[in-house]
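Participant: kindly return the folded structure for what I paste below:
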Amino acid sequence: MPLYLEDLFPGQRFESRPRTLRAEDAVRFAREFDPQPFHLEQAAAERSLFGALTVSGWHTAAFSMRLFVEEGPPIAAGMVGLGGEISWPRPTRPGDTLRLVVEILEVRPTRSRPDRGIVTFRNETINQRDEVVQVFLGKMLVPRRPG
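Facilitator: The predicted model follows:
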């Protein structure tokens with residue numbers, strides 16, 4: 001059932017099922033988009049500040065986005081982002097099992113367009129050890145219920 005602005009409220013939470021980020025996918029992503037040695041080669045990663053192979057933060061972000069779209073709040077018009085701030089408090093490792101927790105922080109109608117509003121949310125990507133590996137604070141455009 002699609003959600004509209006009127007269906008959302010501060011404190012509301014959504015949680016995805018856990019999904020495993022496969023090592024081969026992490027290396028493939030890094031080769032194409034973030035080819036740093038600590039994402040690609042175990043020996044180089046061991047010599048890095050990470051001490052072991054790590055998943056690109058951008059892969060973690062893309063993986064988290066998939067969880068957000070597939071299992072986050074089913075927004076009526078889709079996830080139309082208005083920007084945000086991302087941080088990676090600890091590295092994601094190949095083979096980690098991740099889940100996404102979404103919390104609605106603020107819901108407000110827009111002044112200029114009465115058919116929509118802006119929702120501020122916090123996404124936390126959490127690994128199998130209950131460690132937060134990514135935090136995204138964002139805003140999205142959400143339609144109001146028609147009629």
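
Participant: helix/strand/coil for the most centrally placed residue in the chain?
Facilitator: Taking C-alpha atoms, centre = their mean, the centroid of the chain lies closest to Ser64, which sits 3.4 Å from it. Ser64 falls in the helix class when you classify it by DSSP: H, G, I helix; E, B strand; the rest coil.

Participant: per-residue pLDDT, it?
Facilitator: Looking at Ser64, its pLDDT stands at 98.

Participant: could you check how far the closest residue to Thr20 other than its chain neighbours is from Arg129?
Facilitator: Once flanking residues are discounted, Thr20 sits nearest to Thr97: 4.6 Å by C-beta to C-beta, 6 or more residues apart in numbering. Backbone N, C-alpha and C define where each C-beta goes, glycine included. Using C-beta to C-beta, to the nearest Å, Thr97 is found at 9 Å from Arg129.

Participant: these two: which has the busier surroundings?
Facilitator: Thr97 (13 against 10; other C-beta atoms under 10 Å).

Participant: and the more buried one, how far from Asp130?
Facilitator: For Thr97, the distance to Asp130 - C-beta to C-beta - is 11 Å.

Participant: just Trp88 next, same as before
Facilitator: Distance, Trp88 to Asp130, using C-beta to C-beta: 16 Å.

Participant: which residues of the chain fall in helices?
Facilitator: Secondary structure of the chain by DSSP state H: the helices cover 23-33, 37-40, 42-47, 57-71.

Participant: want to throw those helices into CSV with distance to Gly78?
Facilitator: Below are the helices of the chain laid out as CSV (distance: least, C-beta to C-beta, whole Å):
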stretch, distance to Gly78
helix 23-33, 23
helix 37-40, 30
helix 42-47, 37
helix 57-71, 8
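
Participant: show me the one of the ones you listed that comes nearest Ser16.
Facilitator: Comparison of the helices of the chain against Ser16 by C-beta to C-beta identifies helix 57-71 as nearest, at 3.8 Å.

Participant: what's next to the closest one, contact-wise?
Facilitator: Among residues not part of helix 57-71, those counted as contacts by C-beta atoms under 8 Å, 6 or more residues apart in numbering are 14-17, 19, 21, 25-26, 29-30, 33-34, 78-79, 86, 88, 92, 98-100, 102, 123, 125, 133-134, 136.
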